[in-house]
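K.L.:
have a look; sequence and predicted model below, questions after that.
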Amino acid sequence: MSTPTVTTSYAGPDGHHGDGLLAPGGSPRRPGALAASATFGWRAMLKIKHDPKQLTDVIAIPVLFTVLFTYIFGGTVGGTPGHYLTTLLPGTLVMGITACTMYGGARLAQDMTTGVFDRFRSLAVWRGALVLGGLLSDAGRYLLAAAIVVSLGVVIGYRPGGGAPGVIAAMALVIAFGLSLSWLWAATALLVRNPATVMSLGLVVTIPPTFASNIFVEPRTMPGWLQAFVRVNPISHVAEAARDLMNNTGGAGGPVIWSLVATAAITVVFAPLTLHLYGKQE
Amino acid sequence: MTHDSPAIEARGLVKAYGEVRALDGVDLTVRRGQVFGFLGPNGAGKTTTIRILATLARADGGTARVLGFDVATQRTAIRARVAVTGQFASLDDDLTGYENLVVLGRLRGLSRAASRRRADELLAAFDLAGAAGRPVGGYSGGMRRRLDIGAGLIVTPDLLFLDEPTTGMDPRSQSQVWDLVRRIAAAGTTVLLTTQHLEEADRLAGQIAVIDQGRIVAEGTSAELKARVGSGTLHVRLVDGEQRSPARAVLAGALDGRVHLGADARTLSVLLAAPTDPVDTGRLVGHAMTRLSDARVAVAEIALGQPSLHEAFLALTGHPAGPAAADPEDAHP
């Protein structure tokens, strides 16, 4: 190791330092909420750059779901691949994104187990910045997952009747829904403080409503109580809305509105709860 | 404004973690512009106090003002003026040293260009320029600690909390950090430094508070504390452990000090009362050695040193500074 600068260049007690140890001048202004969130989003991107394995979830889950469910359930839906993909692929999109949402919460819980969380909390930045920054990077991850589902679908024979505008609108809707779930998992992370617990809770909570929806089968064949659940299940509405938009079968009708209502409702509950829980951390 | 107020003014701070009372009424006043040493064993409440003062934890009782701002109600004002460097380096392991500093620079409100420039400056000043592009996870303990302290200096704070900055460091890194602390203080930043070592507090701090089991048990300048603790400690190692009890009796009679039996059955130590003239210390020790020879006790080794924290605690609190039964600082999530 070379001679350490810190011991060779001793500055006098007059407070003048030409060696960069102490910054001259006063404190800069406190960063705004959005600037701080963008910095945390950039930090998340840097982490992905150094550890691209972090993208495994948003690549593997969409690929697996699209291929597996198309060939497993495709036959029961009936017809040629092109035909049943019309029904199934928009649902796979919703399912794929939903299954990726808890990873952001798990990463927040991971941050909380290290000293870096204390360092961030010791800064004079808006308390929601770390979580919102994580959501910004989640938005990018969900976009990647959505693009994989749709491209793979097109490769195996899906032809969206709604064209590019329909597909883009559906992707935006599903990503917005995914981000509302991101708030839910952020709040969960702040409560349980353990990445593994966030993941298992995430699976337990998302798997039943994903299957008890209209993604794979018509609710007509289900018992009455389950049909009732499927009708109020937000995942059913989002899947139906994605179908309408991608296939141009219903336009921006009821399912789209209900999806937006569900997205807004989940966000309105869990975003303030997340901020409250973040402020209470010790 | 608030510039006339002390850097830290805490009254009756109480913090409980379940059954454990980590802080049991801590009073602390730290003047601006000084290095203040906060001395105590593991689990005494040092880290808990710092977490409350740095607004990372809330007190269950008592009040505290930091740089004139209330820790309960004016957290943002405190956070903008204070930096904390933890006992465990708080850095992103998967980011490089440079990226860690740039991210924190942006969060301190520096522009993109300014935070890059500041990161380069600090990496050079802390002798880390060569490792700037490597992920922090691969840094040595000393490198991490230097980067961690550097991260606290991105914007010069009015008050810097250094929580056991040299724990686990080799002597060379330790003296580098000591040098840094002196320079930071010389530039006008108030430093509150926690340590388990009397020597460290003695070298750096003008004022020292000793904390034990959540209470301040002594406070004063290094010289004042030493006068209470004694001038030093005589460590004696015997050839034969069988002779320890006669040796103990002889030393207790010859030296007016408390005799402490070491963990090794052949060792014992005596806390020497401070003589009016330091020159007399040698005479006292010589006299004690003569008495040991007269009693036919064979001495293998003697050493005269500063009292250890253990011994200082014995003198100040009347009980040894064992690690607390439960350690709320380590148990803290």
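P.N.:
All right, it came through fine.

K.L.:
use CA for all of it now, contacts and neighbours both
P.N.:
OK.

K.L.:
what about A:Gly32, how many residues nearby?
P.N.:
A:Gly32: 15 surrounding residues under other C-alpha atoms under 10 Å in any protein chain shown.

K.L.:
do you know how far it is from A:Leu132?
P.N.:
According to C-alpha to C-alpha, to the nearest Å, A:Gly32 stands 13 Å off from A:Leu132.

K.L.:
again, but for A:Ser122
P.N.:
17 Å.

K.L.:
now do A:Tyr158
P.N.:
If you go by C-alpha to C-alpha, the gap between A:Tyr158 and A:Leu132 works out to 35 Å.

K.L.:
next one: B:Asp94
P.N.:
20 Å.

K.L.:
wait, A:Val198 sits on A:Leu191?
P.N.:
No: counting by C-alpha atoms under 8 Å, A:Val198 stays clear of A:Leu191, with 9.4 Å between them.

K.L.:
quick one: the helices in the stretch 1-150 of chain B?
P.N.:
B:46-53, B:75-81, B:97-107, B:112-125, B:141-151 (DSSP state H, counting those that start in this stretch).

K.L.:
mind giving me CSV with the ones you listed and columns for mean neighbour count, distance to A:Ala172 and mean pLDDT?
P.N.:
Shown next, in CSV, are the helices of the stretch 1-150 of chain B (neighbours: other C-alpha atoms under 10 Å in any protein chain shown; distance: least, C-alpha to C-alpha, whole Å; pLDDT from 0 to 100):
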stretch, mean neighbour count, distance to A:Ala172, mean pLDDT
helix B:46-53, 24, 42, 93
helix B:75-81, 20, 36, 93
helix B:97-107, 25, 29, 96
helix B:112-125, 20, 30, 93
helix B:141-151, 22, 39, 89
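
K.L.:
can you list those in JSON lines and add distance to A:Ala228?
P.N.:
Listed next are these as JSON lines, based on distance: least, C-alpha to C-alpha, whole Å:
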{"stretch": "helix B:46-53", "distance to A:Ala228": "51"}
{"stretch": "helix B:75-81", "distance to A:Ala228": "49"}
{"stretch": "helix B:97-107", "distance to A:Ala228": "48"}
{"stretch": "helix B:112-125", "distance to A:Ala228": "54"}
{"stretch": "helix B:141-151", "distance to A:Ala228": "56"}
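
K.L.:
which stretches in chain B count as strands?
P.N.:
Using DSSP state E, the strands of chain B run over residues B:8-17, B:20-30, B:35-39, B:61-66, B:69-70, B:82-85, B:159-163, B:190-195, B:207-212, B:215-221, B:232-238, B:259-261, B:267-272, B:299-305.

K.L.:
quick one, which of those strands is nearest to chain A?
P.N.:
strand B:82-85 (7.3 Å; C-alpha to the nearest C-alpha).

K.L.:
can you list contacts of that closest one?
P.N.:
A:119, A:122, B:54, B:148-149, B:152-153, B:157-163, B:165 (C-alpha atoms under 8 Å, 6 or more residues apart in numbering or on different chains).

K.L.:
who has more neighbours, A:Tyr158 and A:Leu132?
P.N.:
A:Leu132 (23 against 20).

K.L.:
now do the contacts for that one.
P.N.:
A:Ser37, A:Phe40, A:Gly41 are the contacts of A:Leu132 under C-alpha under 8 Å, 6+ apart.

K.L.:
pLDDT value on residue 5, please?
P.N.:
By default, I'm working from chain A. Per-residue pLDDT puts A:Thr5 at 38.

K.L.:
hmm, I had chain B in mind actually
P.N.:
pLDDT, read off for B:Ser5, is 88.

K.L.:
right, and it touches B:Leu67 too?
P.N.:
Yes: applying C-alpha under 8 Å as the test, B:Ser5 and B:Leu67 come out as touching, 6.4 Å apart.

K.L.:
between the two, who's got more neighbours?
P.N.:
B:Leu67 (25 against 16).

K.L.:
relative to B:Lys46, how far out is the more buried one?
P.N.:
19 Å.

K.L.:
now A:Arg30
P.N.:
29 Å.

K.L.:
over to A:Val116?
P.N.:
Taking C-alpha to C-alpha, one finds A:Val116 at 20 Å from B:Lys46.

K.L.:
same question for A:His50.
P.N.:
36 Å.

K.L.:
for the spatially most central residue of chain B, give the beta-bridge partners.
P.N.:
The centre of chain B sits closest to B:Thr195, judged by C-alpha atoms, centre = their mean, with a distance of 1.2 Å. Note on B:Thr195: beta-bridge partners by DSSP bridges are B:Leu39.

K.L.:
which residue ranges of chain A form strands?
P.N.:
Going by DSSP E, chain A shows no strands.

K.L.:
pLDDT weak spots in it?
P.N.:
A:1-19, A:25-26, A:74-82, A:251-252 (pLDDT under 70).

K.L.:
let's see that with 50 instead.
P.N.:
A:1-17 (pLDDT under 50).

K.L.:
by residue count, what's the longest helix in it?
P.N.:
helix A:163-192 (DSSP state H).

K.L.:
neighbour count for A:Val198 and A:Leu191, which is higher?
P.N.:
Per other C-alpha under 10 Å, whichever of A:Val198 and A:Leu191 has more neighbours is A:Val198, with 28 against 15.

K.L.:
which residue, neighbours along the chain excluded, lies closest to the more buried one?
P.N.:
A:Ala106 (5.5 Å; C-alpha to C-alpha, 6 or more residues apart in numbering or on different chains).

K.L.:
isn't that neighbour up against A:Ser200?
P.N.:
No: when contacts are counted by C-alpha under 8 Å, A:Ala106 is not listed as touching A:Ser200 (9.8 Å).

K.L.:
look at those two and report which has more neighbours.
P.N.:
A:Ala106 (25 against 13).

K.L.:
look up how far chain B lies from the more buried one.
P.N.:
Going from A:Ala106 to chain B by C-alpha to the nearest C-alpha, to the nearest Å gives 16 Å.

K.L.:
pull the contacting residues for that residue.
P.N.:
A:Trp185, A:Ala189, A:Asn194, A:Pro195, A:Ala196, A:Val198, A:Met199.
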